[in-house]
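>>> Here's a sequence, model it:
(chains A, B, C, D, E and F)
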There are 6 protein chains.
Amino acid sequence: MHYLKSKITFAASHQLVNQDWDTEKNRQVYGKCSNRHGHNYTVEVTVKGPCDPVTGMVLNFTQLKHLLKEIIYSQVDHKDLNQDVPFLTNVPPTAENLACVFWNLLKVHMPENIALHEIMVQESEKNTVYYHE
Amino acid sequence: MHYLKSKITFAASHQLVNQDWDTEKNRQVYGKCSNRHGHNYTVEVTVKGPCDPVTGMVLNFTQLKHLLKEIIYSQVDHKDLNQDVPFLTNVPPTAENLACVFWNLLKVHMPENIALHEIMVQESEKNTVYYHE
Amino acid sequence: MHYLKSKITFAASHQLVNQDWDTEKNRQVYGKCSNRHGHNYTVEVTVKGPCDPVTGMVLNFTQLKHLLKEIIYSQVDHKDLNQDVPFLTNVPPTAENLACVFWNLLKVHMPENIALHEIMVQESEKNTVYYHE
Amino acid sequence: MHYLKSKITFAASHQLVNQDWDTEKNRQVYGKCSNRHGHNYTVEVTVKGPCDPVTGMVLNFTQLKHLLKEIIYSQVDHKDLNQDVPFLTNVPPTAENLACVFWNLLKVHMPENIALHEIMVQESEKNTVYYHE
Amino acid sequence: MHYLKSKITFAASHQLVNQDWDTEKNRQVYGKCSNRHGHNYTVEVTVKGPCDPVTGMVLNFTQLKHLLKEIIYSQVDHKDLNQDVPFLTNVPPTAENLACVFWNLLKVHMPENIALHEIMVQESEKNTVYYHE
Amino acid sequence: MHYLKSKITFAASHQLVNQDWDTEKNRQVYGKCSNRHGHNYTVEVTVKGPCDPVTGMVLNFTQLKHLLKEIIYSQVDHKDLNQDVPFLTNVPPTAENLACVFWNLLKVHMPENIALHEIMVQESEKNTVYYHE
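Numbering: from 1, shown residues only, chains lettered A, B, ... in the order given. Down below sits the predicted model:
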């Protein structure tokens, strides 16, 4: 079995807040992440599938990159994740929630014979989240 | 002559706007950077000075890091550069302006015999600004 | 299921020796690693757990980093692994043994609902060890 | 269980073509990869095995590196993958096929008690392939 | 004075040969680089100029990137440097020559008030060439 | 003018001590660096010279790497800088002193027409020293 991993990066701002809580409670739970700030996010998407013996490819990397660009990058790059992104309304934009939301968006666009395997979301070099069903 | 370079990173949000312009003009000049978004910024500060023959050091790296933490990091990390940072009021928070402002802040705190040599500000792996007087 | 990975680095010296062997035998088995030398070690710890729908987090990254700092970093950074670290007495400080020892130390401190998933120890960019039970 | 990962890099040229197709068909399937071009390839090989309690090692990293150098690096570094590499004749040199071919070559040389676990082939920082049986 | 540095990468094949020499002489001078092989090249271009106090920018990074894409990337990416690149005909495609040729191509396209400062060409992480007039 | 930069890494242990001082004074000046510990050091050496129009090279990178391997790497890799390295006797092995010592060792071995331009010594990603005469 082959696995293909493609990587995109995007720049976005966010702040971690639960809208049912006041400022003090949000600061207590999220610390300085309750301030508005931002990141260069890295997202790595891994898919798996059989290798076509004629082309020697599971999937053309160009096609995979195109998918990530259309479905993720175009909606979040140079945006504020709390205010500008419809599919993040009512969800604290933590790395955990981003990974889960990206999974659901990508899953329905997988080409035939290809399965989504894992999504990684990295806010900074030291903090990384992985998600799979 | 020896040169010492120390590196800090911080996470912040910003948007490039000149407050004298309307939204359309700002978008025309700054493109998608006129949207609110954010970055993991990298700042590298280079100082120069003579090497003390007794200690074998120009300056203790711990002292240099402490300076960067106090004067830069503590004021910009997990902040919005347009709204939360007093010394950036009325200045579009471009990498060029950040480099210049950090230079002026650090310059007056250089220890004896040590001169500020260069400041690098990097918004993303592909875009870097250097500044020196 | 979500997985969180956090990363620390530390600087330490070590030499690979089995105390039951003489110098020649140690050199034969461990090569130049039987000399005293040192590394910037990288340790990545992956934990897994359910995502709390209210906070959108599995675990606060700050809490995870605090754990790694207390239990690993504080005991090995700027130390000699052969002489200064109680839990490495009588164990050749190979990357394999470090991974295993760090696993046992961390495992008993996992917060409720969180399981330790994997530990990576890297002595250099080219040599990496992973461990899980 | 311990896993050891070692990394090599090599520089090679290739072009993606299926010899049964004409130029136009190759360009349609492989895009600009049907032109002759080249890469700095990164290959990471992960093996697994028990840790010898006497040496504290699964396998000496020097031995693993030697294996990768002999079996992979010496045959592909500073080569043209389409013309100079016997085991790639009649196979389009995609990352998927490289991973598979390297697996088969390495598998028969694993030391006692050591199993090949995974092979990663990376053509560029953004495109990665993993393979295991 | 401000300096801006932008970075592009491209994938190309090449072989180091002086067409006036036979195979043996080329191998003696260029070693294994006389074989056809390839690289992921990194090019960093540094320009300098005054910072416009109204925009807070020396030059829009988007404009600089566009220039590098048009003048360098579009002519060398996924190409064979010996055969497919008109401005490299009759020049051994060493990193030194690439840096020099890119300098001459870019220099005449500098925007008003902006001077080309330095060009870096990197064939691999360990081998780097810098050029300026 | 062309500049060539080559990079080596080595693993060594050291502790910062001035032998004229007692433990307490050493700890006061050098902090935790007065403990024995270690690093993966990175050394980058930049030379400059004219580009030979026939070969298109300033210097063969293989020759430059060979020089660094012979003169630096072979003497410090997998060593203790305080005890095993003749040219560091009586010198606290700070990054500043390493840069200076490496400069003096390399300078006398420069090939004809080639001048040593700069030496960088990096103990960790965040702390870097540059030296030139």
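>>> drop to CA atoms for contacts and neighbour counts, all remaining ones
OK.
>>> Where is the longest helix in chain A?
helix A:95-107 (DSSP state H).
>>> Show me the beta-bridge partners of residue A:49.
residue A:2 (DSSP bridges).
>>> List the contacts of it.
By C-alpha atoms under 8 Å, 6 or more residues apart in numbering or on different chains, residue A:49 lies in contact with A:1, A:2, A:3, A:58, A:113, A:114, A:115.
>>> ditto for residue A:72
Counted by C-alpha under 8 Å, 6+ apart, residue A:72 has contacts residue A:102.
>>> Which secondary structure state is assigned to the residue in chain A sticking out farthest from the centre?
Distance from the C-alpha centroid of chain A, by C-alpha atoms, centre = their mean, peaks at residue A:54 (32.3 Å). At residue A:54 the chain is in coil, as set by DSSP: H, G, I helix; E, B strand; the rest coil.
>>> what's the distance between it and residue D:17?
10 Å (C-alpha to C-alpha, to the nearest Å).
>>> can you check residue A:45 too?
Counting by C-alpha to C-alpha - residue A:45 and residue D:17 are separated by 27 Å.
>>> pLDDT wise, what is residue A:1 at?
Note for residue A:1: predicted pLDDT of 88.
>>> isn't it right up against residue A:57?
No: Residue A:1 lies out of contact with residue A:57 (C-alpha atoms under 8 Å); the separation is 11.8 Å.
>>> who has more neighbours, the two?
Shown here are residue A:1 and residue A:57; by other C-alpha atoms under 10 Å in any protein chain shown, residue A:57 has more neighbours (21 against 13).
>>> Give the burial count for the closest residue to the more buried one other than its chain neighbours, as a bare number.
Nearest residue to residue A:57, sequence neighbours excluded (C-alpha to C-alpha, 6 or more residues apart in numbering or on different chains): residue A:51, at 5.3 Å. A count of nearby residues for residue A:51, using other C-alpha under 10 Å, gives 17.
>>> Please identify the buried residues of stretch A:105-112?
residue A:106 (16 or more other C-alpha atoms under 10 Å in any protein chain shown).
>>> no wait, stretch A:85-94
Using 16+ other C-alpha under 10 Å as the test for burial, stretch A:85-94 gives A:91, A:92, A:93, A:94.
>>> What mean pLDDT does stretch A:79-97 get?
95.
>>> Find out how far it is from the centre of the chain, if you would.
11 Å (C-alpha atoms, centre = their mean, to the nearest Å).
>>> any bit of it sitting next to chain B?
Yes: on the criterion C-alpha under 8 Å from any C-alpha of the partner chain, stretch A:79-97 is in touch with chain B at A:79, A:80.
>>> what's next to that stretch, contact-wise?
Outside stretch A:79-97, the residues touching it (C-alpha under 8 Å, 6+ apart) are A:11-19, A:75-76, A:101, A:121-123, A:128-131, B:35-37, C:2, C:51, C:55-58.
>>> how long is that stretch end to end?
End to end - C-alpha to C-alpha - stretch A:79-97 spans 17 Å.
>>> residues in chain A within reach of chain D, list them.
Counting by C-alpha under 8 Å from any C-alpha, chain A sits next to chain D at A:1-8, A:51, A:54-58, A:60-61.
>>> give me the element the nearest residue in space to residue A:19 that is not next to it in sequence is part of.
Excluding the flanking residues, the one nearest residue A:19 by C-alpha to C-alpha, 6+ apart is residue A:90, at 7.7 Å. Assigned by DSSP states H and E, residue A:90 belongs to no helix or strand.
>>> can you check residue A:110 too?
With DSSP H and E as the test, residue A:110 turns up in no helix or strand.
>>> all helices for chain A, in order.
Using DSSP H, helices in chain A cover A:23-30, A:61-68, A:74-76, A:95-107.
>>> what does chain A have sitting close to chain C?
Contacts of chain A with chain C, taken as C-alpha under 8 Å from any C-alpha, map to A:18, A:30, A:91-94, A:96-97, A:126-133.
>>> By neighbours, which of these wins?
Greatest neighbour count in the residues of chain A next to chain C, by other C-alpha under 10 Å, goes to residue A:96: 28 neighbours.
>>> For residue A:121, grab the count of nearby residues.
There are 25 residues near residue A:121, going by other C-alpha under 10 Å.
>>> can you pull up the bridge partners for the nearest residue in space to it that is not next to it in sequence?
Computed as C-alpha to C-alpha, 6+ apart, the closest residue to residue A:121 that is not its neighbour in sequence is residue A:43, at 4.7 Å. Residue A:43 has these beta-bridge partners by DSSP bridges: residue A:8, residue A:121.
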